[in-house]
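[1] The following comprises the amino acid sequence and a computationally predicted model.
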Amino acid sequence: MSLSQRLQGLRASAPAASSTLNPSIPVDEPNAPFDDTRSLDTSRGLVPSSLNLSTRVEAKAVADARARLAVHEDATPDSVRASHALRDLKEKVSGELYDRVGNRISDSSLSEADLHDFVRGELRAVVVEEAVPLTSSERDRLIEEVMDDVLGLGPIQRYLDDPSVTEVMVNRADQVYIERNGQLYPTETTFSSEDQLRRVIERIVSRVGRRIDESSPLVDARLADGSRVNAIIPPLAVNGAALTIRKFSREALSVAKLMQLGTLSHEMAELLQACVEARLNIIVSGGTGTGKTTLLNVLSSFIPHDERIVTIEDAVELQLQQEHVVRLESRPPNIEGHGAITIRDLVRNSLRMRPDRIVVGEVRGGETLDMLQAMNTGHDGSLSTVHANTPRDAIARLETLVLMAGMDLPLRAIREQVASAVNLIVHLSRLRDGTRRVTHVTEVQGMEGDIVTLQDAFLFDYSAGIDSNGRFLGKPLPTGVRPRFTERLAELGIQLSPSVFGQQFGRV
């Protein structure tokens, strides 16, 4: 039996709605009970003419139930799952489409726009030939979903197209979360199977020349728009393949935008711009998802346009706007286990590329030693990020990472290297209200005995409390201690406005 016949049969065979009135239930009762025992999809016209209710529920309650479902679906369009009939239809149409387009779907001579136009035209032809009884809106929705499956990322493509979504987290094929405004929300979106999720992951990693299989079951990659992707599959992912996509804004965030969001204050932004122009070495620290790479982008925008910049990353994310930029990306080993190029290899190589600035997306291993040595040997003005919970923890983290270089160095020598190389630590936190704020701007002043001395220049004012919506009212305030590097700024002719260190922390 064809899919058309199955769909028509589904509609025709549905029992008629009971018109028997039960006097115990008022006709105008808006909340009459009903027993929903079917999976309903009111948006696609596939709802049977009866809701399989008990005979005690009269026709008015049926109408009310349908109205409530329609309102609910308008509010949360993912909350009602596709019927099996439409799912079968989508799979059949996808199969017919692949048969028609063949290898042209991988034709590198076609631009992305031409490929989309070609596939959409063929897809419309398939839908017409199938002669499936769908409304125009149902047909358009079917075409978009098949396009997402064939050329996009399947059921999660809608979240990648939604600018309000900042992160997509697939825990398994039937569990998808998203992040909006710093808060996590579950969705009703699911993949049709584990195989569909695996196909989406394969499509992502193959585009950047990487692979994922049992011998290499985890991978970092990126989408064409720069969004960061991490995928992990069984046997490491016990409940099935997992996929995490951290979206990048289509427009690079400016310092003005960060001030508007409350991430930075105006005074802090002025100080950080002066520090970059004065070629101070800056480390951006913070936890996962606090916005370290975004802030690194903003700091990099302060680098003068006549300087040569070399960026080094695991997966390219930085969006520098200057012209004189060389972007380097590490490479994992091939299937034979050879050919890997590490961040440390790239840091060493960058020293032979005559850089004015070296920007390392994140230090997480032995490359930290090479970066610190570069900072100490004339390559000042370098920038990087590190995972840490506080500025003090960032120093300890750098020490630990240096030890991963495999060199037998005494701890004091490592600390001296860190203290002399790093001038400033800018620390980010994600607060309970979901906002991302710079909570510390901390100067590295040197060594006292065996301890690296730090001095906060700005601190976030938690004492301001929260508003009625739970949003923090505080902002970063100067501590009243002028950093020692302000003398260096003055020597270079970089003037700070008096307001930078005006209102002090703890004072109104």
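    Thanks, I have the structure now. Numbering: from 1, shown residues only.
[2] From now on I want contacts and neighbour counts done on CA atoms only, so please keep to that.
    OK.
[3] check which helix or strand covers Ala274.
    helix 266-277 (DSSP states H and E).
[4] model confidence over that helix, on average?
    Helix 266-277 comes out with an average pLDDT of 95.
[5] Just the CA trace of it, in PDB.
    Only the C-alpha atoms of helix 266-277 are listed here, as PDB (Å, rounded to 0.1, in the frame of the first residue of the first chain):
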ATOM      1  CA  HIS A 266      33.100  51.700  30.200                       C
ATOM      2  CA  GLU A 267      36.000  52.300  32.500                       C
ATOM      3  CA  MET A 268      37.200  48.700  32.300                       C
ATOM      4  CA  ALA A 269      37.000  48.700  28.500                       C
ATOM      5  CA  GLU A 270      39.100  51.900  28.400                       C
ATOM      6  CA  LEU A 271      41.800  50.300  30.600                       C
ATOM      7  CA  LEU A 272      41.900  47.000  28.600                       C
ATOM      8  CA  GLN A 273      42.200  48.900  25.300                       C
ATOM      9  CA  ALA A 274      45.100  50.800  26.800                       C
ATOM     10  CA  CYS A 275      46.800  47.600  28.000                       C
ATOM     11  CA  VAL A 276      46.500  46.000  24.500                       C
ATOM     12  CA  GLU A 277      47.900  49.000  22.800                       C
END
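[6] what about it, distance to the chain center?
    Offset of helix 266-277 from its chain centre (C-alpha atoms, centre = their mean, to the nearest Å): 27 Å.
[7] From the contact counts, what lies against that helix?
    Here helix 266-277 touches helix 255-261, helix 292-300, going by 3 or more C-alpha pairs under 8 Å, 6 or more residues apart in numbering; DSSP states H and E.
[8] buried stuff in the longest one?
    Neighbour-count burial for helix 292-300 flags 292-300 (criterion: 16 or more other C-alpha atoms under 10 Å).
[9] ok, now stretch 302-312?
    In stretch 302-312, counting by 16+ other C-alpha under 10 Å, buried: 302-303, 308-312.
[10] closest to Val359 among those?
    Ranked by distance to Val359 (C-alpha to C-alpha), the buried residues of stretch 302-312 are led by Thr311 at 4.7 Å.
[11] What strand or helix carries that closest one?
    If you go by DSSP H and E, Thr311 is part of strand 309-313.
[12] got the CA positions of the host helix or strand of Glu138 in PDB?
    Using DSSP H and E, Glu138 sits within helix 136-151. Below are the C-alpha coordinates for helix 136-151, written out as PDB (Å, rounded to 0.1, in the frame of the first residue of the first chain):
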ATOM      1  CA  SER A 136       0.400  23.700   1.000                       C
ATOM      2  CA  SER A 137       1.600  24.500   4.500                       C
ATOM      3  CA  GLU A 138       2.200  20.800   5.200                       C
ATOM      4  CA  ARG A 139       4.100  20.500   1.900                       C
ATOM      5  CA  ASP A 140       6.300  23.400   2.600                       C
ATOM      6  CA  ARG A 141       7.100  22.100   6.100                       C
ATOM      7  CA  LEU A 142       7.900  18.600   4.700                       C
ATOM      8  CA  ILE A 143      10.300  20.200   2.100                       C
ATOM      9  CA  GLU A 144      12.000  22.200   4.800                       C
ATOM     10  CA  GLU A 145      12.500  19.200   7.100                       C
ATOM     11  CA  VAL A 146      13.900  17.100   4.200                       C
ATOM     12  CA  MET A 147      16.200  19.900   3.200                       C
ATOM     13  CA  ASP A 148      17.400  20.100   6.800                       C
ATOM     14  CA  ASP A 149      18.000  16.300   6.800                       C
ATOM     15  CA  VAL A 150      19.800  16.300   3.400                       C
ATOM     16  CA  LEU A 151      21.900  19.500   3.500                       C
END
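[13] what helices or strands is the next helix or strand after the helix holding Ala274 leaning on?
    Going down the chain from helix 266-277, the next helix or strand is strand 282-286, by DSSP H and E. Judged by 3+ C-alpha pairs under 8 Å, 6+ apart, the packing partners of strand 282-286 are helix 292-300, strand 383-387, strand 424-430.
[14] contact partners of the longest one?
    Put plainly, it is helix 292-300. Helix 292-300 has contacts (C-alpha atoms under 8 Å, 6 or more residues apart in numbering) with 252-255, 272-273, 276, 284-286, 317-320, 361, 383-385, 428.
[15] What's the mean pLDDT across that helix?
    Averaging pLDDT along helix 292-300 yields 94.
[16] Tally up the residues packed near Ser499, please.
    Neighbourhood size, Ser499 [other C-alpha atoms under 10 Å]: 11.
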